[in-house]
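[1] sequence? don't have it. structure:
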């Protein structure tokens, strides 16, 4: 790998890690429009196990369905500004091949962040990204709990 290719791959990994962080922060504090802009038009989001969470699991496909889920979670007070919840992401590993990337990261979901925070869920995000005209976007997220 040339030095330029190595720098490009490193920059891509940083951009993707920042996108993962941005998605978490938009879920907690951003607008639904900021959140959904991080996803491709044909994105897929899947929660394999929702046990113990105040939401149902399952798979949604496309920006419209993902956005509907955001609005539903915000209406139920389990996500977004004023919900006193927080998504925390760490141990991010990103593999890039050209305009396609995959990552794995650990997450923690907290409630009660305005008083005594409680970890309600933790697990792993398995993500796939694609680079388009607007930069990197999330194409697929599978959420597993542990």
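    Ah, there it is. Computed from a predicted structure; not experimentally measured.
[2] Check the contact between residue 109 and residue 86; I expect there is one.
    Yes - in this structure, residue 109 is within contact of residue 86 by Cβ atoms under 8 Å, at 7.5 Å. C-beta here means a position set from N, CA and C on the backbone, and glycine is covered the same way.
[3] More neighbours: these two, which one.
    residue 109 (22 against 18; other Cβ atoms under 10 Å).
[4] quick one: that one from residue 135, how far?
    26 Å (Cβ to Cβ, to the nearest Å).
[5] repeat for residue 6
    From residue 6 to residue 135 the distance is 20 Å (Cβ to Cβ).
[6] same deal with residue 70?
    21 Å.
[7] Looking only at neighbour counts, state which of the two leads.
    Using other Cβ under 10 Å as the criterion, residue 70 and residue 135 rank with residue 70 on top: 20 against 12.
[8] And the more buried one, what's its pLDDT?
    For residue 70, the pLDDT comes out at 93.
[9] What helix or strand is residue 144 located in?
    Using DSSP states H and E, residue 144 falls within strand 135-145.
[10] Ok, residue 9 next?
    Here residue 9, judged by DSSP H and E, is contained in helix 3-28.
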